[in-house]
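> below is the sequence, then the predicted model.
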Amino acid sequence: MSQTAVLVWLSASSLLPTFRADLDAFAHSRLLRLEAPRENAAPYRVGSVGSVGSVGIDRDRVGASAYAPDAVAQIEGSLEEARSAAASLEQGRALGALERAEHVLREHPELPQSAWLMAEILEQSAELENAAPDGALAANALRKRAAALEGPRAVPFSDRAAESEAIMADTRAVSVEGLEPGDALEWDGRQTSSPLSSAPGEHHARVMRRERLMWAGWTVLLAEQASVRLPVPETIACSPDDIGHGHFVAGRAVAAAHARCDSYVLSRAREGGIEAALCEREQCGKVIVWEHLQPSVAPAAATKKTLWPYALAASAAALTVTGIALWQAGVFERSEPTSHEVWVFNGQKQQMGLSF
């Protein structure tokens, strides 16, 4: 009964059809049935939300890790409008512009600069609150949220020194769960690893897997929390993400770290054939060199084959002459049987009395 094994071809994909016969022969000799790797877990994609403001955004066409220039232009345009309106003391128009900017930003968490843009929205909102009567507490709360995202900003003048000390948030070690081995984590726009140092509050995160965006979004870290779990899709067993990092080195097959696939074959092209190894999860067996029949063998075999008629004719003539000489010597008049040995030729080697 054949065992199913996933083929991991480590040479150029264009070479695979050329060595297909060698792969099939190798698999047949080990009672294997080769199949293609399973598909990777689906990368992060956003749904369609129709139009936002005056610009229509078809979110289904935005790639998994694509940059959305229309969304960025919309957010930056709204931020500029809010600055201009605040300078003209049009607080209503400024707040409306900031609300539109935040709405678009939350609909586009795949943007790598999301944390910085949100911090800018919060800082401008704090400026508006600070200008209102009794708005100091609300402004301080907004600046704390901004500081949690990007850290404290430089103080432009001494009249805000005491205020800047008040918004400094205490950071702590936080463990980020839900990541797969090899995943790259971006926390508030900075590439890091778990555990990380972060302040309580809302934070932005992105998770990349082999240069593909797997998850992006906002998460809230409470003051008493020591860990946070991100809903990142799991790596699918026997997919390229799972076993695609297997390789050959110094004549050995090295399995992908943390591989989950129960049975797969690492293989690559070599001069005259292939080399392959059967692997199970994080362990690979001995590398087998499989060579196909060289084209030069066929003409030599044909040449040997054409000599047989001449050899038979020469043998027949020799037997005739020998028979006449023996008959004249009276050899055939002896009645005792003679012992003899049988040689069988199978095209590769001769064996006495046996055939393989």
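Arrived safely.
> strands of the stretch 101-250 of the chain, start to end?
Under the criterion DSSP state E, counting those that start in this stretch, the stretch 101-250 of the chain contains strands at 172-177, 184-187, 190-192, 196-198, 201-209, 212-221, 227-229, 247-249.
> ok, and what's touching the second one?
So the one you mean is strand 184-187. 112, 176, 179, 191-194, 196, 198, 203-209 (C-beta atoms under 8 Å, 6 or more residues apart in numbering). For every residue, glycine as well, the C-beta is placed using N, CA and C.
> how much space between the residue positioned nearest the centre of the chain and Thr235?
Geometric centre of the chain, nearest residue: Asp241, 3.5 Å, by C-alpha atoms, centre = their mean. With distances taken as C-beta to C-beta, to the nearest Å, Asp241 is found 5 Å from Thr235.
> need the overlap of contacts for the two.
Joint contacts of Asp241 and Thr235 (C-beta under 8 Å, 6+ apart) are Asn40, Ala41, Glu180, Arg209.
> show me what the last one is bridged to.
In this entry, Arg209 is beta-bridged to Arg212, by DSSP bridges.
> how near is it to Arg281?
For Arg209, the distance to Arg281 - C-beta to C-beta - is 19 Å.
> same check, this time on the first one
Noted for Asn40: a distance of 18 Å to Arg281, by C-beta to C-beta.
> list the buried residues in the helix or strand harbouring Gly77.
If you go by DSSP states H and E, Gly77 is part of helix 69-87. By neighbour count on 16 or more other C-beta atoms under 10 Å, the buried set for helix 69-87 is Ala71, Val72, Gln74, Ile75, Gly77, Ser78, Leu79, Glu81, Ala82, Arg83, Ala85, Ala86.
> again with stretch 255-269
Ala255, Ala256, Ala259, Cys261, Tyr264, Val265, Leu266, Ser267, Arg268, Ala269.
> for the first one, which residues are in contact?
What that stands for is Ala255. Ile243, Gly246, Leu266, Cys279, Arg281, Glu282, Gln283, Cys284.
> pull the helix or strand with minimum mean pLDDT from the protein.
strand 343-345 (a mean of 26; mean pLDDT, DSSP states H and E).
> need the contact partners of stretch 206-218.
With C-beta under 8 Å, 6+ apart as the criterion, stretch 206-218 contacts 40-41, 43-44, 64-65, 106, 109-110, 112, 114, 179-180, 182-186, 202-205, 230-233, 235, 240-241, 244.
> one more: stretch 83-99?
Ser78, Leu79, Glu81, Ala82, Ile121, Gln124, Ser125, Glu127, Leu128, Ala131, Ala132.
> chain neighbours aside, what residue packs nearest to the fourth one?
Sequence neighbours aside, Ala97 is the residue nearest to Ala82 in space, at 4.0 Å (criterion: C-beta to C-beta, 6 or more residues apart in numbering).
> against Ala237, how distant is that neighbour?
49 Å.
> between these two, point out the one with more neighbours.
Ala97 (24 against 17; other C-beta atoms under 10 Å).
> now the strand or helix carrying Ala97: average pLDDT?
Assessed by DSSP H and E, Ala97 sits inside helix 91-107. Mean pLDDT, helix 91-107: 95.
> same question for stretch 148-164.
Per-residue scores along stretch 148-164 average to 61.
> and if you look at stretch 112-125?
Mean predicted confidence for stretch 112-125 is 96.
> all further residue positions should be reported with the first residue as 849.
With the count now opening at 849, the last piece we talked about shows up as stretch 960-973.
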